[in-house]
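[1] 3D model of this:
(2 chains)
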Amino acid sequence: MNKTRRLFILRGRTISPVVSSKPLFMQKGCRIRISGDETGERAARRVVVGKLRKGEHKAPVALSAYMGFITVTYLTASESQGRKKIAYFLQKDSFGIYSHEGFGRVKWLRYTVMEQGERTNESKITTRKRGFRKGLNPSCPKALQRLLLALLLHDFVHTERHHSKIYTEIAIADPEIRSACKNHHSMNSDRMNDLLPLVKYYDHFAASLSRKKALRTTTRYNYEKGPIDFERLAEEIEERQDSAYRLYHYIYHSKELARIVEAMEYGRTSLKYHLLLMANLAIEDFIKGKITLNGEKIRREKSTPAGEEAEEKLQTAKGAEMRRSSTLSNTDSREPDQLKDRESKEQR
Amino acid sequence: MRVSRTFKRITVRMRTPIAKTGNGTIGGGKINNLLSLGKEGRAGKEGTMYLVKGLRGLLGHAMMALAKEQGREICHSSDKSETQKGEQIIPEGFHPTGACYPKNECIKHKIMGSIHRPSRIKFEPVIIVSSQAKQKPIGNVNVVHIATEKRNALAFGTKKAIQDFGERYFSGEFSLKIELLEELAPEVLKFLLQALLYMPELGLGASVNNGAGKIELLEIAFEEVQRTRAVTMQGEIREEEKTRSLWKELEAILS
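    Numbers count the residues shown, from 1 in each chain, chains lettered A, B, ... in the order given. Below you'll find the model as predicted:
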């Protein structure tokens, strides 16, 4: 006999941060989600808890925790089983690790039962893993190809804030791409250069997505697997600067670039990941229609009226976050002199 | 639907003139902030709630100092006996955390537990909010004075700064609640209470040697709590607590 399944929902709010690697987890067969508001539309507020070392949160004592509203959902056809599960969680005071130290305390607010057919915000939630394209589409427009070249080459030149991340500067033939790469940290932007605002935008966006936990490193790459020949690497990249297809393919399969860290403060992110993330974000935007092409001209359109408000909020929040944290900007904290010293040591 | 749980609880009301339990995010201005929990509604900037950290660690350290005075061997805060270079880090009179379990379980391990066995006590979060807040948050929140101390110092005889940072601190009264998850033996309970009374000898948070972290115990209550949560007809959850003082029981243990 086919019984209708029902969704048992228990809602509450967090009093202290729930220490967990993700805001969505399972416990006793129930799905537990922490969100920013009671309806579950906004993302939970992420806080980092743990001991400070020399004024900074560092691994392994930097723990991610989430605050906001907590929702426990259980889908079952059995009324008694559902009530039993909810009673178990109703008796529970805290979630996550370090609950004995006061973390993860919750206050329960509401209990509801819904039919399976009824749409809830919880049922819409899906987790998506970001994947990278293995190669570019053969019908990629010329203007987009030039943008991808600028994005993939932008960290291989000396800029106002940092030296080339492979120490050797690449001679870029295209003057517009070279200007966009050289000035992507410059305050005085070249208004005639269409690529420059896009390089700046995707550099910041990719950095904000990938830099979650700080891990300061003292070396640009791991020496254990042998030294990297940076001059040969620069030559290989320089050879492929004419074709976005060849350059993307080279970076996608490069083992050396995967070993090089993108920023010294964020040792978990590789340069390869950063470059591929930027390129893929630009391609996604082009597919969605956010990037428009007019012959040789390329520009990023403002969002549609429906999503304008949300995106505006997101941008202002991101902007504020970037202003607060100087380390989020794609800079190298070391002085040029230090870099020279480092470079000479590595060459030795 | 109705669920209830009965447990014993120790409530300690204490006061601090200045405590720096900063472990929160660091803003652009090099300020070691307290751990922020956000704010409710239109509470304004002053309405931000903070979590007081380090109380469990303070109790653990008080237990160690007390046991050293009493001449009994208990667990150290570290679970490692030596560094990578082979230097001994466990002082005399202590053993690595959890090394005593299960054969000769020490009195600290019976209370605080380790990786081998969970703790028998549970701390409730101590949440503080500034007295300048326009709207007091809902729930069990301690209203205290919260401000920032600027630490600027110049090197003697020069004009070069050797210190340039800020530290958030709080000052006032707050309550610490400790739930007993299991029944403790009288001897163990006595040691726990003694450790709580020993806490002011140490200090809470940072800059203890500079005068911060001094705490003064005002009141200790030992009570039995029956916490009931019930779902009303509208689906809302109502929480109630009934308490019964166990002062006589406590007096008998301490005597």
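[2] Now do the residue of chain B found nearest chain A against residue A:105, distance only.
    Proximity of chain B to chain A (CB to the nearest CB) peaks at residue B:125, 3.6 Å away. Bear in mind the C-beta positions are built from the backbone N, C-alpha and C, glycine included. Plainly put, residue B:125 is 5 Å away from residue A:105 if you go by CB to CB, to the nearest Å.
[3] Am I right that residue B:8 is in a strand?
    Yes. Judged by DSSP: H, G, I helix; E, B strand; the rest coil, residue B:8 forms part of a strand.
[4] who's in contact with it?
    Applying CB atoms under 8 Å, 6 or more residues apart in numbering or on different chains, we find residue B:8 in contact with B:179-180, B:183, B:222-225, B:246.
[5] Write a ChimeraX command that selects only the buried members of the residues you listed.
    Only the buried members of those enter the following ChimeraX selection, criterion being 16 or more other CB atoms under 10 Å in any protein chain shown:
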select /B:179,180,222,223,225,246
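[6] As a check, name the ranges of all helices in the chain.
    Went with chain A since none was named. Assigned by DSSP state H, the helices in chain A fall at A:79-91, A:121-124, A:142-153, A:175-182, A:195-210, A:230-239, A:244-253, A:256-259, A:271-288, A:305-324, A:336-347.
[7] Not quite, go with chain B.
    In chain B, the segments counted as helices under DSSP H are B:55-70, B:107-112, B:186-198, B:247-254.
[8] any chance of those helices in a markdown table, plus mean pLDDT, distance to residue A:163 and mean neighbour count?
    Formatted as a markdown table, the helices of chain B follow (pLDDT from 0 to 100; distance: least, CB to CB, whole Å; neighbours: other CB atoms under 10 Å in any protein chain shown):
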| stretch | mean pLDDT | distance to residue A:163 | mean neighbour count |
| --- | --- | --- | --- |
| helix B:55-70 | 94 | 43 | 19 |
| helix B:107-112 | 94 | 50 | 24 |
| helix B:186-198 | 93 | 55 | 18 |
| helix B:247-254 | 82 | 67 | 13 |
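[9] For residue B:134, find the nearest of those helices.
    Residue B:134 lies closest, by CB to CB, to one member of those: helix B:55-70, at 28.0 Å.
[10] Mind listing residues that contact that closest one?
    Contact with helix B:55-70 is made by A:100-102, B:73-74, B:76-77, B:93-94, B:107-108, B:111-112, B:123, B:126, B:176, B:191, B:194-196, B:198-199, B:201-204, as judged by CB under 8 Å, 6+ apart.
[11] Contact partners for residue 49?
    All of this is about chain A. A:17, A:19, A:63, A:65, A:98, A:103, B:23, B:35, B:53.
[12] nope, chain B
    Counting by CB under 8 Å, 6+ apart, residue B:49 makes contact with B:36-40, B:127-129, B:137, B:141.
[13] Name the nearest residue to it, sequence neighbours excluded.
    Closest residue in space to residue B:49, ignoring its immediate chain neighbours: residue B:37 at 4.2 Å, by CB to CB, 6 or more residues apart in numbering or on different chains.
[14] Now for residue A:291, how many residues are close by?
    20 (other CB atoms under 10 Å in any protein chain shown).
[15] if I look at the nearest residue to residue B:82 once chain neighbours are set aside, how far off is residue B:94?
    Once flanking residues are discounted, residue B:82 sits nearest to residue B:88: 5.4 Å by CB to CB, 6+ apart. Residue B:88 sits 11 Å away from residue B:94, going by CB to CB.
[16] now swap in residue A:184 and tell me
    As judged by CB to CB, residue A:184 and residue B:94 stand 55 Å apart.
[17] Neighbour count for those two, which is higher?
    Per other CB under 10 Å, whichever of residue A:184 and residue B:94 has more neighbours is residue A:184, with 27 against 21.
[18] Around chain B, which positions in the stretch 1-150 of chain A sit nearby?
    Residues of the stretch 1-150 of chain A lying near chain B by CB under 8 Å from any CB of the partner chain: A:12, A:15-17, A:45, A:47-52, A:55-57, A:67, A:83, A:86-87, A:90-91, A:94, A:99-103, A:105, A:107-112.
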